[in-house]
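*Asks:* Compute the structure for the input listed below.
(chains A, B, C and D)
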Amino acid sequence: MLGEGIIKGMAETARNFLGSYHDAARLTTVEFPEDKIPAKESARNFPFLVHDGEDAMQGLRCVACQICEKECPPKCIFIIKDTNKKPDYVGKLQFQPKVFDIDVSVCMSCQICVEVCPFDAIKMDTDFELGGSDRFGGLLLNKRRLAKPNSYYHTIHPTEAAEVDGRLAAEKAKVEAKAKADAEAKAKAAAAAAAAKAAAQTTPPVVASTPAAVVTPAK
Amino acid sequence: MEIPFAILTALTLVSALAAMSLRNLVHCALCLALTLAGLAALYLQLGAQFAGFAQILVYVGAVAILVVFAILLTNRGDQAAATRAPARSWVTGAGIAVAVFAVLARVILTSSLATGHPMVDRGSPTVKDLGMQLMTQYVLPLEVIGLLLTAATLGAVIIALPEKKTPAAAAPNH
Amino acid sequence: MIADLLNGIGLLLWRVVSDQPDAKGALLPVLPAVLQPVVSAVLSVAPIIGVFASLFALTTLLERKGLGRIQNRLGPNRVGPFGILQPAADGLKMLTKEDIIPRSADKVVHFLAPVCLAVPTLLAFAVLPYGRNLVPLDLDAGLLFFFAVGASTELSIFMAGWSSRNKYSLLGAMRAIAQMISYEIPLIVSSVTVVMMTGTLSPMHIVEHQAGFIWGFIPHWYVLTPWGFAGFVIFTIASLAESNRSPFDLPEAESELIAGHLTEYSGFKYALFFLAEYLGMFAISGLGVTLFLGGWHAPLPGLEWIPSFVWFFGKLVSMVFLFIWIRGTVPRLRVDQLLNLAWKFLLPLALINLVVAAVWHFTAVWTFPGALVVRWLLGAALIGGPYVLLGSALSGAKKNTLRVYRYAT
Amino acid sequence: MQLHHYLLFSALLFAVGLAGALTRRNAILVLIGVELMLNAANLNFIAFWRFLPEAPAMHGLLFVLFTIAVAAAEAAVGLALIIAIYRHYRSTQVDDLRSLHG
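*Replies:* Predicted coordinates:
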């Protein structure tokens, strides 16, 4: 009969109306600025730079290799190399970025920079509250605003961060073991100065093999 | 008594002139609606409540809308500008109208009606009285009007129907 | 002098609250004779504008909250406690917005349209009886007045749509006019049943006819008779369409026409349209309350000590809530469905309802025991049968079959 | 206010409608002119009803109601005719309709 469906529908909406007052399961709204749903581990939006240790600028893992800058599809990354070098996590001297800017108004959150980074220096953040009153400067994030500690990385993506840390630790251990072996070999061949020089030249191939080792597990 | 009459007649007359002389047809129709509303106000001022409200309901609510719809249906939207008559015919038409008015005015002013007829206090005829009259003394005209309206409705629908149906439109839906 | 004035105001308020006649008479004699007509007019007009404008503000908020709850949301709750200051924020936003007139618009008509809409809408409130002795204007042809001013709003909608020089505006306005004209007929015909039964067009007398109780507790409202109930349902459906409310909100169907005839309006003029729309809804709800729901009469004996306007506004707000509830439930109709509903269902049903009302009237002479129940059943059968038949003709004509796709699998 | 004021005003309105109906070339405007003339006549009925003591009690009023109904029917049919003519000739100008002109 005509109107039957309307009556049923009205009963349904009335149930919703009354139910939303006493049934917490119906009212799923989270009132945002006060309450927040914790970000899911798989959430990603914009990249940030990971640093180790207390001093953000000293601890940056980035070596200013500019691979991310070249790979970035919308070209939102801008890097200038610093001439000063600083030691990286294995103690080797590396370049560091003098300027590292990401324009998040341009960034399209594709995560390609993270995929290509050989040093695990750039990772995806979950922070989405980037709104501000300055349309240009406010969304152009510089090195200082991008740098976030490794502990923060652990809080937002624990599984991934643990994996990265494990890999870096293994890398470091390998390099240290190698350095130790080299030192022993150097001690053994201490007599011959020419042999010691040859031992020092074997180090670069080890470093060169690192990118492949890093990139493969990140996929 | 004088001032409302002056305002209402001025308003009605100006809008009637505008309705007959404006270039844009839609403006003409809107001015017509204003004229009819002004006339309704004059009816109310004369104490004919029912006629005044019926005038608004029928003319402003229906006839004006009908005119507007006809204008939009026949003039493809915005090109509603009406062409003016050639000057000769304009002069002839206006001349005839002025002559008619002159005759009417002379008749009115020379007849016995012009001399001091004060307003008759007819009370305020209630809707009930009107209805009683319609159902007793005037029942035949009422029936005829009903018949006329039915015939007009049917006639308007038939005239406005598309002239011939295309076979595609008549085909049943699958 | 001041003391007299305060005394007069106090007496006026007391007379309003206690349902006594001649409330204005309490204040007017205190004033100088020159001021009396002015004050008398202001005393009639100002409360209507004040009460209904604040009801408008309240309704916009309650509507959004109610719709939110119907969809298991919270609704606006940011401005002030529980969001009660939301209407003020909306109003401020509307008033401070830029007033944009399209370059090719017909400027004069564009400006006049909202004014021509708001004025008749406000005029319609003049004839509604708000309480036992609260009728701003007791016209003998009050109902006709109401429908006449209601009909004159259509032209202003056309003005708004045409003058904007926008295809969406014009389409929206044309839809609005087609809809309003189509639904005006069932609206008036369903009201005519009440006029037939009471023999008057004055809303005040219509309400007075609904006084008293059957068997001591069932109020003598027309909605409780078979023809009155059918009339009320038809009236409600038609008034939903007249006030352009969902499911008949085709004129401003957001997903198809942006905002219909309101597309090119902004700022204060848009606010005026918005106000007129809600005021129209209140007016027509008020008329429904007057015609079918017993106006200001109390629903049970022994409740007459509550001021009569409380009952009127209670019923009015219930009607508005019903409108909101329907808006939250029923999706929008298509244009052909809308016109079919008006011409093939509501109009025949309203005409049959006239016959049912006549039967009810002529069987009033039956005096045998249980005559009322028999009359009621007879009336219900007379209107229920056509309802089922027309309803199945309207909805059952097209059987839903499995759709066959020619090219897709 | 006297009766002849209303009568003169209504004659003026009639003349305006007549002038429009005679001079304008658009069929819709001609129809508008005819409506104006009808309304001018209506005003006469109301005025006579109001001012003449010897007039029957409700004659004028009821005649106006009947006229309004007839005028509404006339408008509906007239506009339907105009639309039908427009469909056929693609024009609403009265001068363009000269099939019977010889």
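*Asks:* So is whichever helix in chain B runs longest next to chain D?
*Replies:* Taking DSSP state H as the criterion, chain B has its longest helix at helix B:87-110. Yes - using C-beta under 8 Å from any C-beta of the partner chain, helix B:87-110 comes into contact with chain D via B:89-90, B:92-94, B:96-98, B:100-101, B:104-105, B:108-109. (Glycine included, C-beta is placed from N, CA and C.)
*Asks:* Going by neighbour count, which of these comes out on top?
*Replies:* residue B:97 (23 neighbours; other C-beta atoms under 10 Å in any protein chain shown).
*Asks:* hang on, that residue packs against residue D:13?
*Replies:* No - using C-beta atoms under 8 Å, residue B:97 makes no contact with residue D:13, being 11.0 Å away.
*Asks:* tell me the SS of residue A:97?
*Replies:* strand (DSSP: H, G, I helix; E, B strand; the rest coil).
*Asks:* how about the nearest residue to residue B:17, chain neighbours excluded?
*Replies:* Leaving aside its sequence neighbours, residue B:17 sits nearest to residue D:16 (C-beta to C-beta, 6 or more residues apart in numbering or on different chains; 5.8 Å).
*Asks:* one step back: between all of the residues of helix B:87-110 next to chain D, which two are separated the most?
*Replies:* Pairwise distances across those (C-beta to C-beta) peak at 30.2 Å, for the pair B:89 and B:109.
*Asks:* Just the element for the residue nearest to residue B:17, please.
*Replies:* Assigned by DSSP states H and E, residue D:16 falls within helix D:3-23.
*Asks:* Count the residues that sit near the residue lying closest to residue C:244 once chain neighbours are set aside.
*Replies:* Once flanking residues are discounted, residue C:244 sits nearest to residue C:251: 5.3 Å by C-beta to C-beta, 6+ apart. For residue C:251, the count of nearby residues is 24 (other C-beta under 10 Å).
*Asks:* Wait, a strand at residue C:251?
*Replies:* No - counting by three-state DSSP, residue C:251 falls outside a strand, being helix.
*Asks:* would you list every one of the strands in the chain?
*Replies:* I'll assume chain A. Assigned strands in chain A, in chain order: A:47-51, A:77-87, A:93-103, A:122-124, A:140-141, A:147-149 (criterion: DSSP state E).
*Asks:* Sorry, I should have been clearer: chain C.
*Replies:* Under DSSP E, chain C gives strands at C:213-214, C:218-219.
*Asks:* Contact residues of chain B facing chain C?
*Replies:* B:26-27, B:30, B:33, B:37, B:49-50, B:53-54, B:56-57, B:60-62, B:64-65, B:68-69, B:72, B:77-78, B:124, B:126-128.
*Asks:* Which of those fall in helices?
*Replies:* Those of the residues of chain B next to chain C lying in helices (DSSP H): B:26-27, B:30, B:33, B:37, B:49-50, B:53-54, B:64-65, B:68-69, B:72, B:127-128.
*Asks:* Hmm, residue B:25 is touching residue B:75, no?
*Replies:* Yes - using C-beta under 8 Å, residue B:25 is in contact with residue B:75, at 6.3 Å.
*Asks:* So these two - more neighbours on which side?
*Replies:* The neighbour comparison of residue B:25 against residue B:75 (other C-beta under 10 Å) goes to residue B:25, with 25 against 18.
*Asks:* how near is residue C:175 to chain D?
*Replies:* 19 Å (C-beta to the nearest C-beta, to the nearest Å).
*Asks:* How many residues are close by residue C:363?
*Replies:* Neighbours of residue C:363 using other C-beta under 10 Å come to 14.
*Asks:* Under the pLDDT cut-off, which ranges of the stretch 1-150 of chain C? List them.
*Replies:* Along the stretch 1-150 of chain C, no part satisfies pLDDT under 70.
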